[in-house]
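Novice: Structure, please.
(one chain, ligands or ions: 1)
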Amino acid sequence: MVLRPFPDEPSVQVDCPLCGSDEAHFLMHGRDRLFGRPGWYRIVQCAVCEMKYVNPRPSVEALSRHYPDDYLPVRLPEDGASTMGRRLGRALIDLRWSSYIRAVERITGPISSSAGVVDIGCGLNEFLVRLECLRGCRGLAVDVNPGVARYIRTRLGMPVFEGTLPQAQVESGTMDLVTMNEYLEHEPDPLSVLLEARRISRSGAHLVVEVPYMGGLPSRVFGSCWSQLDVPRHLAFYTPETLEKMLKRAGYRLVHTKPFGAPFSIGISVLQSLGFRKLGRLSPLEALLIALAGAPFLPLFPWLHEFMLVVARAE
Ligand SMILES: [Zn+2]
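Specialist: Numbering: from 1, shown residues only. You can find the predicted model right below:
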């Protein structure tokens, strides 16, 4: 089979996003399995620092076309009556973010109502909604997606900046907590965003990053069918070691790393390995199939590290 090196879209050759080296080894090919768009992408490993990343990758403008409106993290809730399914979905989302806030506070200490908080790549702003509800703390949301920015501003009535963190021009040394939940793997220039996060943070402030865990058992077992490979939306793949190196370069000291599993992600990996495509739109039937496919793995969860939660302190 001849692999087309890249779909018909503008692409750019990039250097290692961690150390800047242009020496890299080919690792594997990946494709857009979630939405079934054509083309293959090369995933490489830096010969100097072992960072894994997509190269070449679509241009920034071309990348935006890989985020359709029904991509789950940016899919806006529908208007209409509150059904049992919606109430259950809401309860699960609240539970997820309540437990995230408690996990973060166990490391950073309590988040006060006056804390300066910025959430980068906020999606539907579920973390900051829950934080305001539980702690009375109103953070700033930052996201490049115009649809979600409009939703946060008009439907949620919360502070939001549409664009990148550097464009937001937050005052230096004013933030107590910067969060990036399933964002850094999407970012074309992650080091520059981490440097900007450090610039706006007080000394001793915390940064919380949640990213897929490259090198965990699911990434090794499922290979190019691993749900968190998700090229070309995911552009960089972090191990605990490469993430720590990048944080250090940005002026942070790692204080906590916790790998964890996610049943839904395993379900997607299983179905993609069986040849399923275009699961990204997640119809109710597909969601049920994914849950059923992930269920047998529940007893193995202590070993199935799909993501990691990393907390670092601004030096
Ligand atoms: Zn490198």
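Novice: list the contacts for residue 167?
Specialist: Applying CB atoms under 8 Å, 6 or more residues apart in numbering to residue 167 gives the contacts residue 161. The way it works is simple: take the backbone N, C-alpha and C, and place the C-beta from them, glycine included.
Novice: Need the per-residue pLDDT for it.
Specialist: With respect to pLDDT, residue 167 has a value of 96.
Novice: Start at 55, not 1
Specialist: In the new count, where the first residue is 55, that last one comes out as residue 221.
Novice: Can you verify it is assigned to a strand?
Specialist: No: counting by DSSP: H, G, I helix; E, B strand; the rest coil, residue 221 is not part of a strand but helix.
Novice: The ion contacts on the stretch 255-369 of the chain?
Specialist: Taking CB under 5 Å from the ion, no part of the stretch 255-369 of the chain reaches the ion.
Novice: so which residue of the stretch 255-369 of the chain comes closest to the ion?
Specialist: Here the stretch 255-369 of the chain gets closest to the ion at one residue, residue 296, 8.2 Å apart by CB to the ion.
Novice: what are the ranges of the strands in the stretch 255-369 of the chain?
Specialist: For the stretch 255-369 of the chain, the strands defined by DSSP state E, counting those that start in this stretch occupy 255-266, 290-291, 306-314, 361-368.
Novice: how about the residues of the stretch 55-204 of the chain near the ion?
Specialist: Taking CB under 5 Å from the ion as the criterion, the stretch 55-204 of the chain approaches the ion at residues 70, 72, 73, 75, 100, 102, 103, 105.
Novice: Now, the residues you listed that are in strands?
Specialist: Among these, DSSP state E puts residue 100 in strands.
Novice: Am I right that residue 80 sits in a helix?
Specialist: No: using three-state DSSP, the secondary structure at residue 80 is strand, not a helix.
Novice: Surely it is in contact with residue 101?
Specialist: No: contact between residue 80 and residue 101 fails when scored by CB atoms under 8 Å: they sit 11.1 Å apart.
Novice: The two: which has the busier surroundings?
Specialist: More crowded of residue 80 and residue 101, by other CB atoms under 10 Å: residue 101, with 13 against 10.
Novice: Phi, psi for the more buried one please.
Specialist: With angles defined as degrees, to the nearest 10, residue 101 sits at phi -70, psi -20.
Novice: Also residue 359?
Specialist: phi -80, psi 110.
Novice: Could you give the number of residues near residue 307?
Specialist: For residue 307, using other CB under 10 Å, the count is 11.
Novice: ok, it to residue 298 distance?
Specialist: 9 Å (CB to CB, to the nearest Å).
Novice: ok, now residue 266?
Specialist: Distance from residue 266 to residue 298, by CB to CB: 16 Å.
Novice: ok, these two, which is more surrounded?
Specialist: residue 266 (25 against 17).
Novice: how many neighbours does the nearest residue to that one once chain neighbours are set aside have?
Specialist: Nearest residue to residue 266 in three dimensions, chain neighbours excluded: residue 282, at 3.5 Å (CB to CB, 6 or more residues apart in numbering). By other CB under 10 Å, the residues close to residue 282 number 22.
Novice: Quick check: the gap between residue 282 and residue 214.
Specialist: Where residue 214 is concerned, residue 282 sits at a distance of 27 Å (CB to CB).
Novice: got the contact list for the closest residue to residue 294 other than its chain neighbours?
Specialist: Nearest non-adjacent residue to residue 294, counting by CB to CB, 6+ apart: residue 311, 5.1 Å away. Listed by CB under 8 Å, 6+ apart, the contact partners of residue 311 are 294, 298, 362, 363, 364.
Novice: Can you get me a residue count around the last one?
Specialist: The reference is to residue 364. Neighbours of residue 364 under the rule other CB under 10 Å: 25.
Novice: cool, the first one as well?
Specialist: For residue 294, the count of nearby residues is 18 (other CB under 10 Å).
Novice: Please look at it and residue 363 and confirm they touch.
Specialist: No: using CB under 8 Å, residue 294 is not in contact with residue 363; the gap is 11.0 Å.
Novice: quick one: the most centrally placed residue in the chain and residue 141, what's the gap?
Specialist: In the chain, the centroid-proximal residue (CA atoms, centre = their mean) is residue 236; its distance is 1.6 Å. Look at residue 236 and residue 141: by CB to CB, they are 24 Å apart.
Novice: same deal with residue 217?
Specialist: Where residue 141 is concerned, residue 217 sits at a distance of 34 Å (CB to CB).
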